[in-house]
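Chemist: give me coordinates for this.
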Amino acid sequence: MAVKQYKPTTPSRRNMTSPSFAEITKFSPEKSLIVTKKKNAGRNSYGKITVRHHGGGNKQKYRLIDFKRNADESAKVLGIEYDPNRTSYIALIENEAGKKSYIIAPVGLTDGDIVTAGADADIKPGNVLPISQIPVGTIIHNIELYPGKGAQLVRSAGAFAQLMAKENGVAQVRLPSGEVRIIRLDCKATIGQVGNLEHETIKLGKAGKTRHLGIRPTVRGSVMNPCDHPHGGGEGKSPVGRPGPVTPWGKPALGYKTRNKKARTNKFIIKRRNAK
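Modeler: Below is the predicted model:
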């Protein structure tokens with residue numbers, strides 16, 4: 001796992017880095033597992049922009065990932081691929097019946113490896129087990145919140161959670177944010193850490209790469225007029241004129257808690273991610 005650097009032939013190349021893709025072994029997707037991905041540029045069904053700064057970007061096909069791994073079976077890894085829809089790499093696997101599917105590729109998974117799903121699986125990267133069968137202290141990812149729904153937690157590049165304890169029929173899992181959460185023992189999780197560890201060190205280097213990702217330019221509120229943003233107006237370079245920065249709609253932009261205090265799942269959170 002290395003990061004590719006460039007000679008400074010242009011100002012943007014000077015600070016640009018990109019993945020070396022050393023882990024990639026398969027360079028074209030499985031056609032039976034890709035579907036068309038429609039873009040809406042941040043607009044809802046009425047054509048109104050509900051998410052700003054979305055639009056453009058390279059055309060992408062969506063890879064169908066098996067987050068459930070319901071079948072208790074073994075499968076062979078055919079290759080590691082790049083997925084434009086997520087930060088992690090994906091692995092193409094084929095079971096004994098010849099059925100192919102994609103999974104999130106953990107660290108250390110290579111071509112020819114055998115991955116197993118089921119309560120009797122070994123504790124090794126890529127295998128899926130119920131949390132009740134995973135030893136305390138194990139590094140895990142792809143964690144279910146509801147049995148059978150499929151993995152919802154810890155799926156991005158380099159992420160991992162740790163199984164801290166099992167008591168009273170539930171497990172305590174420490175998530176990448178530092179939050180400690182209660183999860184049912186019959187939920188499934190995958191052993192290991194998500195691959196593509198160098199993703200967080202990548203520098204895009206130029207504005208064009210951001211546009212390729214489908215992200216449009218962001219204008220600062222302080223350079224707008226007062227009618228367009230609470231930070232706008234004033235002579236020259238003016239401060240925001242408030243105790244703290246706010247969104248275009250007047251909501252605090254830093255440290256504002258948006259989680260519902262009466263949320264049904266609050267009782268499952270033992271330690272908050274921002275707890276001192």
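Chemist: tell me how many other residues crowd D113.
Modeler: Neighbourhood size, D113 [other C-beta atoms under 10 Å]: 15. Heads up, the C-betas are built off the backbone N, CA and C, glycines and all.
Chemist: which pLDDT value does the model give it?
Modeler: At D113, the model reports a pLDDT of 90.
Chemist: so for the helix ranked longest in the chain, mean pLDDT?
Modeler: Ranked by number of residues, the top helix in the chain under DSSP state H is helix 207-212. If you average the pLDDT over helix 207-212, you get 94.
Chemist: which SS class is R259?
Modeler: coil (DSSP: H, G, I helix; E, B strand; the rest coil).
Chemist: buried stuff in the longest helix of the chain?
Modeler: Going by neighbour count (16 or more other C-beta atoms under 10 Å), the buried part of helix 207-212 is T210.
Chemist: what average pLDDT does the helix or strand following it get?
Modeler: Using DSSP states H and E, the next helix or strand after helix 207-212 towards the C-terminus is strand 269-271. On average, the pLDDT along strand 269-271 is 91.
Chemist: just give the number of residues close to the residue nearest to H199 when sequence neighbours are not counted.
Modeler: Leaving aside its sequence neighbours, H199 sits nearest to A157 (C-beta to C-beta, 6 or more residues apart in numbering; 3.9 Å). Using other C-beta under 10 Å, A157 is surrounded by 20 other residues.
Chemist: ok, now how distant is A157 from P84?
Modeler: 13 Å (C-beta to C-beta, to the nearest Å).
Chemist: hey, where'd the strands end up in the stretch 51-200 of the chain?
Modeler: Along the stretch 51-200 of the chain, the segments classed as strands by DSSP state E, counting those that start in this stretch run 61-63, 74-81, 90-95, 100-104, 114-116, 128-130, 139-141, 143-144, 151-153, 161-167, 170-174, 180-184, 188-191.
Chemist: which one of those strands lies closest to R259?
Modeler: With C-beta to C-beta, the closest approach to R259 among the strands of the stretch 51-200 of the chain belongs to strand 180-184: 13.2 Å.
Chemist: the closest residue to S238 other than its chain neighbours - how many residues pack around it?
Modeler: Nearest residue to S238 in three dimensions, chain neighbours excluded: S222, at 6.8 Å (C-beta to C-beta, 6+ apart). For S222, the neighbour count with other C-beta under 10 Å is 17.
Chemist: so what touches stretch 24-44?
Modeler: Stretch 24-44 is contacted by residues 49-57, 60-64, 78-82, 85, 89, 92, 100-102, 110-111, 214 when judged by C-beta atoms under 8 Å, 6 or more residues apart in numbering.
Chemist: phi first, then psi, for the residue of the chain positioned farthest from its centre.
Modeler: The C-alpha centroid of the chain is most remote from E235, which lies 42.2 Å away (C-alpha atoms, centre = their mean). In terms of degrees, to the nearest 10, the main-chain angles of E235 are phi -90, psi 130.
Chemist: ok, it to P226 distance?
Modeler: In terms of C-beta to C-beta, E235 sits 12 Å off from P226.
Chemist: and for I191?
Modeler: I191 sits 55 Å away from P226 when distances are taken as C-beta to C-beta.
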